[in-house]
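Here is a sequence together with a model predicted from it:
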Amino acid sequence: MNRISAGSLSRRSFLAQAAAFAAAGALVRPALGATGQGIPPVDATFLFVADVHACRMASGLSPNCQQEGKTDAALLRSVAALNAIGEKDWPAEINGIATGLRSAGSRIGTPLGLVVGGDMTDDGGGQVTQPSEGTQLLQFSHRYQQGVGPDRVHLPVYVGLG
């Protein structure tokens, strides 16, 4: 067997082999699609949220959070809406304008997951009363972590940064 050891593989050789491998993969994909065989279509639904702004502090809310509606009650309403989305239908129109959705009028179904795009906390989660306690991150995790009950998201959660 003609095997290359890690020590004798140059950067140039590695890049050339990686480029050849990528090109081969790019050529195979269209061929499978052109014959009508290959990967079957996937109908997948994911939910996306951002700007959750968990606002809890050790003693109440961060300044202005109550006035801005950034309360635990608001988070619970959001969680309830996310959990109920599978019971809704895709809209045929929004504000009297046709959506053009292929699935308009049919049931949305159970999403495969929830992607959280950022701004999970109001103050960057850095508000702490003890070195080991980040109250806003804790509040976020109590609401937007997969679990059971009306106070948790009922599907996998994929948290991003931002």
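Looks like it came in fine.

Show the contacting residues for the residue lying closest to residue 93 once chain neighbours are set aside.
In space, residue 93 comes closest to residue 99 once its chain neighbours are excluded; the distance is 6.0 Å by Cβ to Cβ, 6 or more residues apart in numbering. Where you see a C-beta, it was placed from the backbone N, CA and C, and this is true even at glycine. Contact partners of residue 99, counting by Cβ atoms under 8 Å, 6 or more residues apart in numbering, are 90-93.

now, among those residues, which is nearest to residue 72?
Distance to residue 72, by Cβ to Cβ, is smallest for residue 91 among those, at 29.2 Å.

what about that closest one, neighbour count?
Counted by other Cβ atoms under 10 Å, the residues lying close to residue 91 total 14.

what about residue 148, neighbour count?
By the criterion of other Cβ under 10 Å, residue 148 has 7 neighbours.

can you list the domains in this structure?
The domain map for the chain lists 1-41, 46-159, with the assignment taken from automatic domain parsing.

Just say which of those is most tucked in.
Mean neighbours per residue, mean count of other Cβ atoms under 10 Å, is largest over the domains of the chain for domain 46-159, with a mean of 15.

Distance across it, terminal residue to terminal residue?
Start-to-end span of domain 46-159 (Cα to Cα, to the nearest Å) is 13 Å.

Could you measure from the residue nearest to residue 93 over to residue 90?
Relative to residue 90, residue 99 is positioned 8 Å away (Cβ to Cβ, to the nearest Å).

Just name the shakiest helix or strand of this structure by mean pLDDT.
Least confident helix or strand of the chain, by mean pLDDT, DSSP states H and E, is strand 128-130 with a mean of 58.

Output the below-cut-off pLDDT ranges for this protein.
Along the chain, segments meeting pLDDT under 70 span 1-16, 18-36, 124-133, 162.

quick one: what helix or strand has the most centrally placed residue in it in it?
In the chain, the C-alpha nearest the mean C-alpha coordinate belongs to residue 115, at 1.1 Å (Cα atoms, centre = their mean). Residue 115 belongs to strand 113-116 when assigned by DSSP states H and E.

So what touches that strand?
Contact partners of strand 113-116, identified using Cβ under 8 Å, 6+ apart, comprise 46-50, 52, 82, 144, 153, 155-160.

give me phi/psi at residue 89?
With angles defined as degrees, to the nearest 10, residue 89 sits at phi -110, psi 150.

wait, doesn't it sit right on residue 109?
No: with contact defined as Cβ atoms under 8 Å, residue 89 does not reach residue 109; the gap is 10.1 Å.
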